[in-house]
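Asker: Here you go, sequence then predicted model.
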Amino acid sequence: MDNVDNLSNLSNLKNLDNTIENFIDGQYQAPLNNNYLDNIEPATGLVYGKIPNSDQDDVEQAVKAAEQALPAWRSLDLEQRADYLMAIAQEIEHQLEPLALAEAQDNGKPISLAKMVDIPRAASNFKFFAHACSQFASESHAMNNTAINYTLRQPVGIVGCISPWNLPLYLFTWKIAPALAAGNCVIAKPSEITPKTAAMLGEICQKVGLPKGVLNILHGNGATVGSAICNHPKIKAISFTGGTATGAEIATQLAPKFKKLSLELGGKNPALIFDDCNIDKTINEVFRASFANQGQICLCASRLYVQRGIYEKFKSALVEKAKKLIPADPLLDDTKMGAIVSKAHLDKVLSYIEIAKEEGGTILAGGKQVLGEGRCQRGYFLQPTIIEGLSNSATCNQQEIFGPVITIQPFDTDEQALALANESDYGLAATIWTNNLSRAHQLAEQINTGIVWINCWLLRDLRTPFGGMNHSGVGREGGLEAMRFFTEPKNVCIKY
Ligand code: NDP
């Protein structure tokens, strides 16, 4: 139980005696109302810390700090700005172990996943945008013998970054890094459910000497502090990742305020699996795509469409694997599946399984809460669940569950597969599994999602546009898209 023993070491980090504080103007401070919320460890179901229940007043203070920091930060030499981001990346790498431990405890994800994916990716986000800011160029448009236009891409100013609980530091830094790289000052809020690594990021900023007020991190409820960030008149752009209903609410509130808004929302991602795929490899990869991080990745496959010729074989192999995957203490090094993030979320996921049964679904694997062992007896564990026999219009094929629950159904032709996949309000990501190159390209063109992976899943190049269409969001993150979002283009026209 090395990792469990090591939990006490986390309290050596300033601010992390399990009472988290806001990070404003380069300093940790209590919320002005002195009000705190409980932080619950999903693997044990026990309160293990407190987090600020911040409100409008804390946002006001953070905005003041950002306002003071902005003139120097936006005009800083690009190389110096890049150096700060690179130093943050290096410090995240240096703190891989404590950060991964904090992430696993806070979120319930296996510590091996946090070490392999979440924390390294947070470092990569800073590295990538450290390079991106020095490579970012703007356009020039010549008008024949008349004039020349050039576009300035200037920082937006003070921006808000709001992120969800599923990949806490990974998604938090995916927004903050480009915002800082483009010369903005940031007010950021992690999910109230997983605040810990975001709080530790403040200490990293102190350590590398990031100028005060450039990054401010506030904690608390979305409906209070999140909303106050979105609606603050001096915060000029909001980059939000979270649920579709929250995105709709924010979009409604901000429409008359004419703020820049990027929305990365939910998904209901189809996997199209054809007879001619490399079946063994596909079974392993689709299994991972379905259940990684307890199925709590916006990109996870949740609707599996399998061509009839391999349907039974594919289904049996998947069910067998699901039955062998036993959720366990996230802090054990060999755990492959951890806890669901919260009791409320576990109940929500379980309620979808009940709806599936009522709508005629057969539970092929899982479907039940699991009791953990030792310190995890009151944790929120759920078996990986596979459901068959639902119509494509059934609730579990149309609504996002965001847990370790997938549906599976057969199809015969490419046209059928495409129609089933596209019968959705969402449009985030799809995977296609086939060795037929023409089919893969044709389907990729016709499928209504922002991202398509062929014979792979979650293979990421940070330069590519990232995001979804329809109810999965508006706008794209990643590479140039992010740098453009966090800058205001200004055209300058010079007549000869
Ligand atoms: P929520 O929409 O509940 O919350 C996301 C963030 O927004 C949290 O920090 C939350 O704070 C905050 N928030 C909530 N209400 C408001 C509000 N009115 N104004 C401002 N901020 C608010 O999503 P979850 O945290 O439950 O995350 C899961 C969702 O995120 C899933 O739908 C998933 O698909 C989606 N997601 C999308 C991704 C993408 O790239 N498209 C990537 C990852 C996840 P608090 O926690 O306090 O409520």
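Answerer: Thanks, I have it.
Asker: Quick check, central residue of the protein?
Answerer: Compute the mean C-alpha point of the chain, and by Cα atoms, centre = their mean the closest residue is residue 171, 4.2 Å away.
Asker: got the contact list for the closest residue in space to it that isn't next to it in sequence?
Answerer: Spatial nearest neighbour of residue 171, excluding adjacent residues (Cβ to Cβ, 6 or more residues apart in numbering): residue 163 at 4.4 Å. Glycine gets a C-beta too; all of them are placed from N, C-alpha and C. Counting by Cβ atoms under 8 Å, 6 or more residues apart in numbering, residue 163 touches 171-172, 174-175, 188-191, 241-242.
Asker: Just give me the closest of the residues you listed to the ligand.
Answerer: residue 242 (2.6 Å; Cβ to the nearest ligand atom).
Asker: Can you verify my assumption that that closest one contacts residue 166?
Answerer: No. Applying Cβ atoms under 8 Å, one finds residue 242 not in contact with residue 166, separated by 9.6 Å.
Asker: Up against the ligand, what does the stretch 51-200 of the chain have?
Answerer: The stretch 51-200 of the chain has residues 162-166, 171, 189, 191-193 near the ligand, with proximity defined as Cβ under 6 Å from any ligand atom.
Asker: Let's see which of the residues you listed end up in helices.
Answerer: Of these, the ones assigned to helices by DSSP state H are residue 171.
Asker: Need the buried ones from the residues of the stretch 51-200 of the chain next to the ligand selected in PyMOL.
Answerer: A single PyMOL command selects the buried members of these (16 or more other Cβ atoms under 10 Å):
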select buried, resi 162+163+164+165+166+171+189+191+192+193
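Asker: domain ranges for this protein?
Answerer: Domain assignment for the chain by automatic domain parsing gives 3-265+471-492, 269-462.
Asker: Could you export those as CSV, including mean pLDDT?
Answerer: CSV is the format used below for the domains of the chain (pLDDT from 0 to 100):
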stretch, mean pLDDT
domain 3-265+471-492, 95
domain 269-462, 98
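Asker: And the nearest residue to residue 451 once chain neighbours are set aside, how far from residue 312?
Answerer: Sequence neighbours aside, residue 429 is the residue nearest to residue 451 in space, at 4.1 Å (criterion: Cβ to Cβ, 6+ apart). From residue 429 over to residue 312 the distance is 27 Å, taken as Cβ to Cβ, to the nearest Å.
Asker: Which helix or strand lies directly C-terminal to the helix or strand containing residue 50?
Answerer: Assigned by DSSP states H and E, residue 50 falls within strand 46-52. Counting by DSSP H and E, the next helix or strand C-terminal to strand 46-52 is helix 56-74.
Asker: Next, the buried residues of that following helix.
Answerer: Buried residues in helix 56-74 (16+ other Cβ under 10 Å): 56, 58-59, 61-63, 65-66, 68-70, 73-74.
Asker: Direction-wise, compare the next helix or strand after that helix with helix 56-74 and give the angle.
Answerer: Going down the chain from helix 56-74, the next helix or strand is helix 78-94, by DSSP H and E. Here helix 78-94 runs at an angle of 120 degrees relative to helix 56-74 (axes from the mean of the first three to the mean of the last three Cα atoms, to 10 degrees).
Asker: and helix 78-94, how far from the chain's centre?
Answerer: On the basis of Cα atoms, centre = their mean, to the nearest Å, helix 78-94 sits 22 Å off its chain's mean C-alpha point.
Asker: following it, which helix or strand shows up next?
Answerer: Counting by DSSP H and E, what follows helix 78-94 is helix 96-107.
Asker: what packs against that next one?
Answerer: With contacts defined as 3 or more Cβ pairs under 8 Å, 6 or more residues apart in numbering; DSSP states H and E, the packing partners of helix 96-107 are helix 2-10, strand 36-41, helix 111-113, helix 119-135, helix 168-181, helix 196-208.
Asker: Out of those, which is closest to residue 423?
Answerer: Of all those, it is helix 168-181 that lies closest to residue 423, at 28.2 Å by Cβ to Cβ.
Asker: The closest one - contacts with which helices or strands?
Answerer: Secondary-structure packing of helix 168-181 (3+ Cβ pairs under 8 Å, 6+ apart): helix 78-94, helix 96-107, helix 119-135, strand 158-162, strand 185-189, helix 196-208, strand 235-241, helix 479-485.
Asker: quick one, what contacts residue 174?
Answerer: Residues in contact with residue 174 (Cβ under 8 Å, 6+ apart) are 125, 163, 241, 477.
Asker: Briefly note if the helix or strand where residue 253 lies comes near the ligand.
Answerer: Using DSSP H and E, residue 253 sits within helix 244-254. Yes. Contact of helix 244-254 with the ligand (Cβ under 6 Å from any ligand atom) involves 246, 249-250.
Asker: Distance check, residue 280 against residue 312.
Answerer: Per Cβ to Cβ, residue 280 is found 16 Å from residue 312.
Asker: ok, residue 365 touching residue 316?
Answerer: No. Taking Cβ under 8 Å as the definition, residue 365 is not a contact partner of residue 316, at 10.4 Å.
Asker: Looking at those two now, which is surrounded by more residues?
Answerer: The neighbour count for residue 365 versus residue 316, taken as other Cβ atoms under 10 Å, is higher for residue 365 (20 against 12).
Asker: ok, the residue lying closest to the more buried one once chain neighbours are set aside - contacts?
Answerer: With Cβ to Cβ, 6+ apart as the criterion, residue 365 has its nearest non-adjacent residue at 3.8 Å, and that residue is residue 322. By Cβ under 8 Å, 6+ apart, the contact set of residue 322 is 287, 291, 364-366, 383-386.
Asker: and of the residues you listed, the nearest to the ligand?
Answerer: For the contacts of residue 322, the closest approach to the ligand (Cβ to the nearest ligand atom) belongs to residue 291, at 15.5 Å.
Asker: Doesn't the closest one belong to a strand?
Answerer: No. Counting by DSSP: H, G, I helix; E, B strand; the rest coil, one finds residue 291 to be helix, located in no strand.
Asker: For it, give its distance to residue 112.
Answerer: Distance, residue 291 to residue 112, using Cβ to Cβ: 14 Å.
Asker: Those two: which is more packed in?
Answerer: Legend: neighbour count by other Cβ under 10 Å for residue 291 and residue 112, higher for residue 291 (28 against 17).
Asker: wait, doesn't residue 139 sit right on residue 151?
Answerer: Yes. Counting by Cβ under 8 Å, residue 151 is a contact partner of residue 139 at 4.6 Å.
Asker: between those two, which one's more packed in?
Answerer: residue 151 (15 against 10).
Asker: Would you mark the buried spots in the helix or strand the more buried one falls within?
Answerer: Per DSSP H and E, residue 151 falls inside strand 147-155. Counting neighbours by 16+ other Cβ under 10 Å, one finds that the buried residues in strand 147-155 are 153, 155.
Asker: other SSEs contacting that strand?
Answerer: Judged by 3+ Cβ pairs under 8 Å, 6+ apart, strand 147-155 is in contact with helix 56-74, strand 140-143, strand 487-495.
Asker: Which strands border it, and is each parallel or antiparallel?
Answerer: In the sheet, strand 147-155 lines up against strand 140-143 (antiparallel), strand 487-495 (antiparallel) (DSSP bridges).
Asker: Using CSV, write out every CA atom in that strand.
Answerer: Coordinates of each C-alpha in strand 147-155 appear next as CSV, following Å, rounded to 0.1, in the frame of the first residue of the first chain:
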residue,chain,number,x,y,z
ALA,A,147,-2.8,48.4,-50.6
ILE,A,148,-1.7,45.7,-48.2
ASN,A,149,-3.6,44.3,-45.3
TYR,A,150,-2.0,42.6,-42.4
THR,A,151,-3.7,41.0,-39.4
LEU,A,152,-2.6,41.6,-35.9
ARG,A,153,-3.5,38.8,-33.5
GLN,A,154,-3.6,40.5,-30.1
PRO,A,155,-4.3,38.9,-26.7
